[in-house]
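Enquirer: have a look; sequence and predicted model below, questions after that.
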Amino acid sequence: MDIVFINDLRINTIIGIFDWEREVKQTVRLDVEMAHDIRKAAETDDIQYALDYKKVSKRLISFIGESEFFLVETMAEQVAAIIREEFKVPWLCLSVSKPGALRGAESVGIRIERGER
């Protein structure tokens, strides 16, 4: 299985359960690995056969930046659904983290896998 990935995509959004978190945008970080057969793109050197990570990134920036979430779990499920449905990705592994959310830790977050390898 070939993997197309985006690492450390940083997006500002409203996320959290505390009152102050509902008023101030915070940065979330995303790492995503997406299954995609790259052979035809490599053979033809044609972007139409590639998984366009720029389009994926722009879609996630737009969606997350315009949304509000209480939980990173909700964000992760919605992001996974967008990637799988809109970009026809059969499998993905997605990490969502909130830097500085826990004293003493660089970041906290979750990692999910959706679909079949």
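Expert: Structure received.
Enquirer: specify the beta-bridge partners of the residue nearest the centre of the chain.
Expert: Nearest residue to the geometric centre of the chain (C-alpha atoms, centre = their mean): Leu30, 4.7 Å. Following DSSP bridges, Leu30 is listed with bridge partners Leu9, Val96.
Enquirer: Phe69 pairs with what?
Expert: Bridge pairing for Phe69 (DSSP bridges) gives the partners Ile15.
Enquirer: wait, isn't it in contact with Ile17?
Expert: No. Phe69 is beyond contact range of Ile17, at 9.8 Å (criterion: C-beta atoms under 8 Å). For glycine as for every other residue, the C-beta is placed from the backbone atoms N, C-alpha and C.
Enquirer: look at those two and report which has more neighbours.
Expert: Set Phe69 next to Ile17 and count neighbours by other C-beta atoms under 10 Å: Phe69 wins out with 19 against 9.
Enquirer: what's around Asp46, how many residues?
Expert: As a burial measure, Asp46 scores 10 neighbours (other C-beta under 10 Å).
Enquirer: leaving out the residues flanking it, which one is nearest to it?
Expert: With C-beta to C-beta, 6 or more residues apart in numbering as the criterion, Asp46 has its nearest non-adjacent residue at 8.0 Å, and that residue is Lys40.
Enquirer: the chain: helices as residue ranges?
Expert: If you assign secondary structure with DSSP state H, the helices in the chain sit at 39-44, 53-66, 72-86.
Enquirer: go through the ones you listed and pick out the most buried.
Expert: Sort those by mean neighbour count, taking mean count of other C-beta atoms under 10 Å, and helix 72-86 sits at the top with a mean of 17.
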